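Asker: Could you look at this predicted model? Sequence included:
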Amino acid sequence: SGQLRYITTSSSLCQRVLTKYFYFFQKDVNLLLLVVYVILCKIKNLGSKIMQGKQDIKFRNKIGFVLASVGSAVGMGNIWLFPYRVGQYGGAAFLIVYFFFVALFGYAGLSAEFAFGRLTGTGPIGSYSYALKSRGKRGGAFLGAIPLLGSLGIAIGYAVIVGWVLRYCAGGLTGSLFQSTSEAYFADMTGPFGSLVWHAAVILITAFILSGGVLKGIEKANRIIMPAFFLLFLGVAFYVAFLPGASAGYAYLLIPDWTQLLNPDTWVMAMGQAFFSLSITGSGMIIYGSYLGKRENIPKAAAQTAVLDTCAALLSGFVILPAVFAFGLDPASGPPLIFITLPKVFAQMPGGRLISIIFFLSVIFAGITSLVNMFEVCAEAAMRHLHLPRNGAIALVSLIVYGVGTLIEYEPRLGSWMDFITIYIVPFGALLCAIIIYWVLGTDVICSELNLGRPKPLGKFFRITAKYVYVGLAVLVFICSILYKGIG
């Protein structure tokens, strides 16, 4: 198969792990350990405060809710997949199709998951159970566990990837990123047990944010991180715009190839990109919706979330592709784009070391805010159904994510894991949620919840679009995800 085999003897395994740790300590880890120590102290202090007083369980207002939702939605797909896919499938022609699907999925899908959570006041297990019980049926808890496991599965792989980004950011800071080829730097950290410390640091940062609760943790972090993400990316985009040859990147992104509108793959890929970019998974947005007050206008909040997520995707394209084209490199997609191609760009770019730090810090922000959502939906389930205190639930989720994640740090294993979760589990969970909301719970019930806080109730157009068009497209997303081996 060409894959490396794990070392079977315990002595050689220990030697390998110790060797990796020694390498980390020699390179960039001293700064990291200081950060980890501070985080652990903060978690302890926050845990004591939460135990002494009642935890906040609602977002303060719509702004905090929207920023948290955008934080969940903006992730690696916006950064390493969207720009390449736009150029590959017709530039501005692809964008027209993409904008159409974003509007549709935000209107009928994202808003429904928010409303489902607010109606039930809980995560997917409790929400699905509520819907089935409304029809006199059982088994909702089992069905709700499917998208929950999807979120947990993504979190396991995602934490490894964000750990890679953290190491690249530290490598830019110390200069070690530019002391070898990007291929060698990437290969060194993606072997078995290749990123243990960085992986652990990402999980600790996520746990630290969650330990503050909804208001002082999730909302406060996203109020800081998401504006910082946009400002940092805007700064890099402005800098990149003045590089000689950057115009070729803008042309790749924006010049329309109208013939691509006749290509079915354009529509399939735009649909998949829009669906998963909005984080419609049947779990994470439900839990955030459960923390939203009854006075807030959910369809409006969903629209704002969709617009900001789309802006983040476009901004990443304006950062990455002009920079890549400016230095005559191939605009690949996926991990090679940010871990192999871009470091080569930064190495040649004037001021590239500083730009690399800013870029990878921005990607860390995007990754951490997504992880916060994935951890939160799992932690809420542990609190509600295993009757654990909040910090105990966070610790349990963190241990599971780290324990399983260490076994798939080897890049081919991680790729297989993420393919299985994102091709089968997540699309099925999203489809299941769409059916349960609109066909089991019913359009009357969910529309009553959506109409709260609105100056004008949703009409018949929404009901038809949601129940038939949106659910039909969710079925198509699931089928195409399997046929195409991933579309989001």
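Answerer: Arrived safely.

Asker: List the buried residues of whichever strand or helix holds I355.
Answerer: In this assignment (DSSP states H and E), I355 forms part of helix 352-385. By neighbour count with 16 or more other C-beta atoms under 10 Å, helix 352-385 contains the buried residues 352-353, 355-383. Bear in mind the C-beta positions are built from the backbone N, C-alpha and C, glycine included.

Asker: tell me the pLDDT at Q15?
Answerer: Looking at Q15, its pLDDT is 48.

Asker: In the helix or strand hosting A251, which of the residues would be classed as buried?
Answerer: Using DSSP H and E, the element containing A251 is helix 247-254. For helix 247-254, the neighbour count (16+ other C-beta under 10 Å) marks 249-250, 252-254 as buried.

Asker: Would you check how far apart the closest residue to G317 other than its chain neighbours and Y288 are?
Answerer: Leaving aside its chain neighbours, G317 sits nearest to P83 (3.6 Å; criterion: C-beta to C-beta, 6 or more residues apart in numbering). Counting by C-beta to C-beta, to the nearest Å, the gap between P83 and Y288 amounts to 27 Å.

Asker: Report the distance from the host helix or strand of I394 to the chain centre.
Answerer: I394 is located in helix 390-407, with elements delineated by DSSP H and E. Mean C-alpha position of helix 390-407 versus that of the full chain (C-alpha atoms, centre = their mean, to the nearest Å) differs by 18 Å.

Asker: so the residue nearest to G317 touches P322, yeah?
Answerer: No: counting by C-beta atoms under 8 Å, P83 does not reach P322; the two are 9.8 Å apart.

Asker: Tell me which of those two has more neighbours.
Answerer: P83 (27 against 24; other C-beta atoms under 10 Å).

Asker: Can you name the residues that contact the more buried one?
Answerer: P83 sits next to 253, 313, 316-317, 320-321, 331 when contact means C-beta atoms under 8 Å, 6 or more residues apart in numbering.

Asker: Check F59 and give its pLDDT.
Answerer: Confidence at F59, expressed as pLDDT, is 93.

Asker: All the strands of the stretch 101-250 of the chain, in order from the start?
Answerer: For the stretch 101-250 of the chain, applying DSSP state E, counting those that start in this stretch gives no strands.

Asker: Sketch out the low-pLDDT regions of it for me.
Answerer: Along the stretch 101-250 of the chain, the model assigns pLDDT under 70 to no residue.

Asker: which residue ranges form the helices in it?
Answerer: If DSSP state H, counting those that start in this stretch is used as the criterion, the helices of the stretch 101-250 of the chain fall at 111-120, 124-133, 140-174, 182-189, 196-210, 213, 220-240, 247-254.

Asker: Work out the gap between the shortest one and the centre of the chain.
Answerer: The offset between the C-alpha centroid of helix 213 and the centroid of the whole chain comes to 20 Å, using C-alpha atoms, centre = their mean.

Asker: Which positions in stretch 233-247 come out as buried?
Answerer: Neighbour count says stretch 233-247 has 233, 236-237, 239-241, 243, 246 buried, by 16+ other C-beta under 10 Å.

Asker: Relative to the whole chain's centre, how far out is that stretch?
Answerer: Here the centre of stretch 233-247 is set off from its chain's centre by 25 Å, with C-alpha atoms, centre = their mean.

Asker: what's next to that stretch, contact-wise?
Answerer: Contacts to stretch 233-247, defined as C-beta under 8 Å, 6+ apart, come from residues 312, 315-316, 318-319, 322-323, 325-328, 349, 351, 355, 358-359, 362.

Asker: for stretch 113-125, same thing?
Answerer: Residues contacting stretch 113-125 (C-beta under 8 Å, 6+ apart): 69, 126-127, 130-131, 140-141, 144-145, 147-148, 280, 282-283, 285-292, 294, 298, 301-302, 377, 380-381, 384-385, 429, 433, 437, 441, 445-446, 449-450.

Asker: Now, of those residues, which are buried?
Answerer: Here, 16+ other C-beta under 10 Å leaves 69, 126-127, 130-131, 140-141, 144-145, 147-148, 280, 282-283, 285-292, 298, 301-302, 377, 380-381, 429, 433, 437, 441, 445-446, 449-450 buried among these.

Asker: will you turn the contacts of P83 into JSON lines that also has distance to G486, secondary structure and pLDDT?
Answerer: Shown next, in JSON lines, are the contacts of P83 (distance: C-beta to C-beta, whole Å; DSSP: H, G, I helix; E, B strand; the rest coil; pLDDT from 0 to 100):
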{"residue": "L253", "distance to G486": "22", "secondary structure": "helix", "pLDDT": "90"}
{"residue": "A313", "distance to G486": "17", "secondary structure": "helix", "pLDDT": "95"}
{"residue": "S316", "distance to G486": "19", "secondary structure": "helix", "pLDDT": "94"}
{"residue": "G317", "distance to G486": "20", "secondary structure": "helix", "pLDDT": "93"}
{"residue": "I320", "distance to G486": "20", "secondary structure": "helix", "pLDDT": "92"}
{"residue": "L321", "distance to G486": "21", "secondary structure": "helix", "pLDDT": "91"}
{"residue": "P331", "distance to G486": "19", "secondary structure": "coil", "pLDDT": "77"}
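
Asker: To what extent is G403 buried, counted in neighbours?
Answerer: 10.

Asker: Show the pLDDT at it.
Answerer: 97.

Asker: quick one: P147 from I154, how far?
Answerer: With the distance defined as C-beta to C-beta, P147 ends up 11 Å from I154.

Asker: quick one: common contacting residues for the two?
Answerer: Residues touching both P147 and I154 (C-beta under 8 Å, 6+ apart): 281, 426.

Asker: pretty sure G352 contacts V345?
Answerer: Yes: between G352 and V345 there is a contact under C-beta under 8 Å: 7.2 Å.

Asker: so what secondary structure elements neighbour the helix holding I394?
Answerer: Applying 3 or more C-beta pairs under 8 Å, 6 or more residues apart in numbering; DSSP states H and E, we find helix 390-407 packed against helix 29-52, helix 140-174, helix 196-210, helix 352-385.

Asker: Following element in sequence after that helix, please.
Answerer: helix 411-420.

Asker: got the buried residues for that following helix?
Answerer: Neighbour counts over helix 411-420 (16+ other C-beta under 10 Å) mark 411, 413-414, 417-418 as buried.

Asker: so it versus helix 140-174, what angle?
Answerer: Using axes from the mean of the first three to the mean of the last three C-alpha atoms, to 10 degrees, the inter-axis angle of helix 411-420 relative to helix 140-174 is 140 degrees.

Asker: got a list of contacts for helix 411-420?
Answerer: 3, 153-154, 156-157, 160-161, 190-191, 335, 407-408, 485-486.

Asker: 6 Å instead, please
Answerer: Identification of contacts with helix 411-420 by C-beta atoms under 6 Å, 6 or more residues apart in numbering yields 3, 157, 160, 190, 408.
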